[in-house]
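S.K.: with the input below, show me the fold.
(2 chains, ligands or ions: 2)
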Amino acid sequence: MKIVVRIKLVPDTAAKVVVEDGQVTWGDAPLVINPWDEFAVEAALQLTEQHGGEVIALSVGEESSREALKHALAMGCNEAILVSDYVIDPDTQRTAKVLAAAVEKIGDVDLVIFGKQSIDGDNAVTGTQTARNLGWPSLTLVSAVPALDVDAKTIRIERAVEEGRQVVDGVLPAVLSIVKDYGEPRYPSFIGIRKASKAEIPVWSLEDLGIELPNVVVSWSEIMNPPQREVTNEIVQGDSVEETAAALADKLFAEKVL
Amino acid sequence: MDFNLSEEHLGVQKMVREFTQKEIAPVIKEYDRKQEMPSFILPRMAELGILGINIPVRYGGQGFDYITLGLVCEELEAMDSTLRVIMSVHMGLNSMAILQWGTEEQKQKFLVPQAKGEKVACFGLTEPGVGTDVAGMSSTAKKDGDDWVLNGEKMWISLATKADHALVVMLTNPDAKDSHDRLTAFIVEMDSKGVTTGDIHGKLGVRAGSTGWIAFQDVRVPDANRLGEEGEGFRIAMSCLDNGRYTVGAGATGLIRASLDASVNYAHQREAFGREIGKFQLVQQKIAYMVQSYEMARLLYLRAGWMKNQGVRNTRETSIAKWFATDASFQAASEAIQVHGAYGYSDEYDVERYLRNSKGAVIYEGTSEVHQLMQAGYALGYRKDGPLRKELPAYDAEFWQEEK
Ligand SMILES: Cc1cc2nc3c(=O)[nH]c(=O)nc-3n(C[C@H](O)[C@H](O)[C@H](O)COP(=O)(O)OP(=O)(O)OC[C@H]3O[C@@H](n4cnc5c(N)ncnc54)[C@H](O)[C@@H]3O)c2cc1C
Ligand SMILES: Cc1cc2nc3c(=O)[nH]c(=O)nc-3n(C[C@H](O)[C@H](O)[C@H](O)COP(=O)(O)OP(=O)(O)OC[C@H]3O[C@@H](n4cnc5c(N)ncnc54)[C@H](O)[C@@H]3O)c2cc1C
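M.R.: Ligands and ions are numbered 1, 2, ... in the order given. Sure thing, here's the model as predicted:
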């Protein structure tokens, strides 16, 4: 089985993202692997541990994305590929087209696995758009893969949806997006760290993929900081739980929250 | 000169930091209060490979260099000293000694399972009656056929009740003219008949760790477990300290960093006289000294680690790294409490634990006084390090990483 995991480099979760002069900036906060992608790598590694095969980490982005790919290698991915010569922009359709072309170039891929979303854009659509480009089914919000038969090309997944769990049967090849419930991502292993530090990561250009980028359909016409909100804290107290609850309810009515 | 850490170094540092923050931070206060070592720690550190970090892959380790060991110790002690103590005894004082002095059979029998973390190792030098004055010890080993028979007691031994193997130094030739020729080192399997152990309670610090005693009553140890030659025990013990002290110095550097980070955080949060206390120059001075100590301690241990990698004798450099970092960590932790005011005086915050933990390192692996004597001795020309029969092997990436 061949699994491709999509890896994205994003600002650290602790970074303070603000708008300055109409541009988004996170100062000198470090860039890290998108935390959701670590769950995707974990899922891919577990699936190959159970069913055999290899995991290829794929990133579309600037040179610095190597850092995120190396993290994926250190966790245990077998190979990594970077598609560069492409500047991240908010248009996920373009990214999806590049990703689909790279998956086709890799060839014989059974599964492409995404994290649920990336923490910078928070669009959560690139996976489905990639599936659409490939003409493969898109199985989103996957929390478990109870059954997978590579020869019969079938897969059963569980989706974590608001109403509960949904079991879906699909066919391979397919595109998955993974949620946290799948399992806590493993740390990089020491041997993995060494392998990653020595790994040569091939860089593909758009020319290598034989595609041209479609026109941008989404652009950010104006970016601004959200208005500052005045927050005040008040601790509601009473002599008994009932009194406290009643006092809280009164306040909430008064503030027209309820 | 190259001050860059390699990608490998940075990767290991990040991984160990993540481990301590995710798995240790949530429980450390509770265990410290209970004076109990969390039972998951040793198996987990074994599973992650930390217990064999700088031992060659061919001997069951992870094949990283000595600098990596220092970085790991810094990360571990930035969380809690007890984690670093594990590395000091299991790796620095025991496993590295077998790597340096052991025969191939001893490496296969003892080092391999230790590096894999299947067996935990400790080091017994101190006795109820002697600490600094090593050559004055009274526990004995007497030859009996192909065996040695050990009697006596070792005290203040980290991991005494957890370890499977102990490297101990015993008096074997009390009549030797030079007191330094009286001792011999042995590897003891802790399940041997006649070995009993216990934990010491009521310690000031390293309360989430294990410190205890080992008593030997007619314990038979085969001659094959003798590390080095008869009468070489003192020199072996001192060479062990070159590695143990390195882990202590690197660890204390982590404790300074933790004190600094806690102080910076608090100085931003706490307000007095209408502004955050970080704005006061006297608070800034404390922070400035912590920064200075951290940077100096770090450079000192990294130099010692670099010398180990090169295979250059580093007794002097390791001693100064250990002395400086441990004294500075005690100072930094104390000032961190000061920055925290009354809150720092309570175990709601971590800094009081840092102070309690930091004090031990000023005592073990050579008290600060001993390091002062050593440094003065070198400067005055009274002290010189002669060559050893076996030196710690220089780091050779190919040899270390080869599967074999
Ligand atoms: C938490 C902890 C863990 C430990 N773990 C281990 C372990 O795993 N294995 C092990 O073998 N030991 C261990 N030790 C013991 C430690 O190594 C000794 O405590 C240390 O060597 C000092 O010896 P001592 O306590 O007997 O003090 P002493 O040697 O009695 O010293 C008392 C005081 O006298 C001073 N002094 C002694 N000689 C001189 C001198 N010549 N000139 C000037 N001042 C001098 C000392 O600096 C000190 O201030 C541990 C200790 C602690 C606290
Ligand atoms: C064991 C104990 C018993 C106590 N008992 C009592 C008691 O009986 N009654 C009582 O009222 N209080 C008591 N206290 C509280 C004690 O008086 C306060 O802790 C003390 O006044 C410091 O205040 P703080 O802890 O709020 O620290 P903060 O005032 O928040 O100070 C934090 C840090 O900022 C520094 N700082 C603050 N302002 C400045 C400045 N302008 N310039 C430079 N540095 C500054 C401080 O020196 C300190 O290092 C007790 C405290 C302890 C630990």
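S.K.: element containing residue 208, please.
M.R.: No chain was given, so I picked chain A. Element membership for residue A:208 (DSSP states H and E) is helix A:206-209.
S.K.: actually, chain B is the one I wanted.
M.R.: Here residue B:208 is assigned to no helix or strand, by DSSP H and E.
S.K.: run through the residues that contact it.
M.R.: Contact analysis of residue B:208 by C-beta atoms under 8 Å, 6 or more residues apart in numbering or on different chains lists B:28, B:31-32, B:35-38, B:80, B:82. Heads up, the C-betas are built off the backbone N, CA and C, glycines and all.
S.K.: contact partners for the residue nearest to the spatial centre of chain A?
M.R.: In chain A, the C-alpha nearest the mean C-alpha coordinate belongs to residue A:115, at 3.0 Å (C-alpha atoms, centre = their mean). When contacts are counted by C-beta under 8 Å, 6+ apart, residue A:115 touches A:6, A:8, A:34-40, A:177-178.
S.K.: domain ranges for the chain, per the record?
M.R.: Picked chain A for this. According to automatic domain parsing, chain A is divided into the following domains: A:2-209, A:228-258.
S.K.: meant chain B actually
M.R.: B:7-119, B:123-231, B:235-397.
S.K.: look up how far residue B:269 lies from the residue in the stretch 201-350 of chain B that ligand 2 sits nearest to.
M.R.: Nearest residue of the stretch 201-350 of chain B to ligand 2, counting by C-beta to the nearest ligand atom: residue B:341, 2.3 Å away. Computed as C-beta to C-beta, to the nearest Å, the residue B:341 to residue B:269 distance reads 12 Å.
S.K.: which stretches of chain A form helices?
M.R.: A:35-51, A:66-75, A:92-106, A:126-134, A:190-198, A:206-209, A:241-254 (DSSP state H).
S.K.: dump these into a markdown table; add mean pLDDT and mean neighbour count as well.
M.R.: Shown next, in a markdown table, are those (pLDDT from 0 to 100; neighbours: other C-beta atoms under 10 Å in any protein chain shown):
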| stretch | mean pLDDT | mean neighbour count |
| --- | --- | --- |
| helix A:35-51 | 97 | 21 |
| helix A:66-75 | 96 | 25 |
| helix A:92-106 | 94 | 21 |
| helix A:126-134 | 96 | 22 |
| helix A:190-198 | 95 | 20 |
| helix A:206-209 | 92 | 14 |
| helix A:241-254 | 93 | 12 |
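S.K.: quick one: which of those helices is nearest residue B:215?
M.R.: helix A:190-198 (37.0 Å; C-beta to C-beta).
S.K.: whether that closest one contacts chain B - can you check?
M.R.: Yes: counting by C-beta under 8 Å from any C-beta of the partner chain, chain B is contacted by helix A:190-198 at A:190-191, A:193-194, A:196-197.
S.K.: with respect to residue A:68, which of those residues is nearest?
M.R.: The closest of the residues of helix A:190-198 next to chain B to residue A:68 turns out to be residue A:196 (C-beta to C-beta; 11.0 Å).
S.K.: was I right about the closest one contacting residue A:76?
M.R.: No: Residue A:196 lies out of contact with residue A:76 (C-beta atoms under 8 Å); the separation is 9.7 Å.
S.K.: tell me if residue B:260 really is in a helix.
M.R.: Yes: using DSSP: H, G, I helix; E, B strand; the rest coil, the secondary structure at residue B:260 is a helix.
S.K.: look at the nearest residue to it once chain neighbours are set aside and say how many residues are nearby.
M.R.: Of all residues not flanking residue B:260 in the chain, residue B:290 sits nearest, at 4.1 Å (C-beta to C-beta, 6 or more residues apart in numbering or on different chains). By other C-beta atoms under 10 Å in any protein chain shown, the residues close to residue B:290 number 26.
S.K.: what's the average pLDDT for the helix or strand that contains residue B:290?
M.R.: Element membership for residue B:290 (DSSP H and E) is helix B:281-310. Averaged across helix B:281-310, pLDDT comes to 98.
S.K.: try stretch B:396-404
M.R.: Rounded mean pLDDT across stretch B:396-404 is 94.
S.K.: where in the stretch 201-350 of chain B is pLDDT low?
M.R.: By pLDDT under 70, the stretch 201-350 of chain B has no low-scoring segment.
S.K.: quick one, helices of it?
M.R.: B:233-269, B:281-310, B:315-344 (DSSP state H, counting those that start in this stretch).
S.K.: no further queries at this time; thank you.
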